[in-house]
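# No letters, just coordinates:
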Ligand code: ATP
């Protein structure tokens with residue numbers, strides 16, 4: 001299963017809920033940059049005593065309960081009383097804790113993959129409901145493509161497919177805590193009304209298939225907060241623009257920055273230039289394929 005990364009083309013934080021989460025309005029886009037999740041019932045004899053065997057090619061990620069893939073698979077095996085040992089392999093390409101939704105997407109691919117492997121017959125809605133218990137972005141990742149997500153991420157509206165363009169991702173080498181960024185948000189009452197208007201601009205640009213308009217409408221409420229702690233984020237946004245991007249913005253709570261390019265060569269040149277000073281640089285495109 002391919003587990004696609006995502007970026008936020010538009011992200012507004014509307015209000016804090018009584019459960020401590022925030023209601024958002026965000027337009028998310030799946031990207032071709034993806035992890036690979038391989039699910040199998042072929043388990044080495046020595047490991048058959050374990051119901052679930054998880055391996056990952058990135059030593060930075062734990063392969064136990066701390067991994068969302070493990071938690072999602074453990075839940076499905078127990079809930080549907082599956083007694084066959086399962087092995088899962090993660091090939092990690094999406095940078096970790098980068099605002100690109102890698103953990104959520106791996107979790108989504110695991111749920112969708114196990115549903116197929118064991119013919120569980122769960123619908124997309126049922127998978128999204130289960131996915132939401134593991135993370136707010138999991139329902140988006142299950143369907144993928146281009147979507148408006150509202151509430152904490154559970155209210156999804158599928159938008160028309162994103163037009164083709166080239167997208168350069170560059171991760172500022174700093175650690176960002178999503179919870180810490182959200183704790184610093186100052187909210188005001190007029191935001192929801194203004195946000196509805198802004199989302200319409202992004203939706204119209206997508207419907208028109210106009211890359212320049214989509215890029216012109218980039219907005220991320222969290223950028224100021226992340227950049228206050230890490231000014232490198234704004235510096236990188238500026239740099240990507242000077243390298244020929246139509247526009248650039250931060251994804252999620254950061255620290256990854258993305259730039260939109262009309263032209264492959266310009267995007268490749270920008271990548272080469274960024275790689276001189278930044279380790280994590282990727283070139284990708286909007287992804288239309290859905291997991292389900
Ligand atoms: P989001 O954009 O949804 O906030 P993110 O891209 O910022 O997510 P992830 O890469 O999903 O961040 O990782 C967030 C945390 O989740 C990390 O601290 C990581 O250890 C943990 N995690 C658990 N499982 C995974 C996984 N399979 N892949 C990546 N991170 C995982």
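Happy to help now that I have it. The shown structure was predicted, so the numbers you read here are calculated from the model rather than taken from an experiment.

# Next up, the contacts around the residue of the stretch 51-200 of the chain found nearest the ligand.
Closest residue of the stretch 51-200 of the chain to the ligand, CB to the nearest ligand atom: residue 103 (2.7 Å). Quick note: C-beta positions are derived from backbone N, CA and C, even for glycine. Contacts of residue 103 were listed using CB atoms under 8 Å, 6 or more residues apart in numbering, and they are 67, 68, 96, 135.

# For stretch 272-290, give the mean pLDDT please.
Stretch 272-290 carries an average pLDDT of 96.

# And for stretch 211-226?
97.

# Kindly check the end-to-end length of that stretch for me.
26 Å (CA to CA, to the nearest Å).

# what about the residue of the stretch 51-200 of the chain closest to the ligand, which SS state?
When classified by DSSP: H, G, I helix; E, B strand; the rest coil, residue 103 comes out as helix.

# sorry, back to before: same list (the contacts of residue 103) but as JSON lines, adding distance to the ligand.
JSON lines is the format used below for the contacts of residue 103 (distance: CB to the nearest ligand atom, whole Å):
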{"residue": "67", "distance to the ligand": "4"}
{"residue": "68", "distance to the ligand": "4"}
{"residue": "96", "distance to the ligand": "4"}
{"residue": "135", "distance to the ligand": "6"}
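
# In helices, which of those residues fall?
residue 68 (DSSP state H).

# just the contacts of residue 103 now: which is nearest residue 88?
Nearest to residue 88 among the contacts of residue 103, counting by CB to CB, is residue 67 at 9.4 Å.

# For the residue of the stretch 151-292 of the chain found nearest the ligand, which residues are in contact?
Among all residues of the stretch 151-292 of the chain, residue 252 sits closest to the ligand, at 3.7 Å; criterion: CB to the nearest ligand atom. By CB under 8 Å, 6+ apart, the residues touching residue 252 are 7, 8, 11, 98, 99, 100, 101, 178, 222.

# try 10 Å
Listed by CB atoms under 10 Å, 6 or more residues apart in numbering, the contact partners of residue 252 are 6-8, 11, 26, 28, 97-101, 137, 176, 178, 181, 220, 222, 226.

# Mark which of those are buried, thanks.
Taking 16 or more other CB atoms under 10 Å as the criterion, what is buried in those is 6-8, 11, 26, 28, 97-101, 137, 176, 181, 220, 222, 226.
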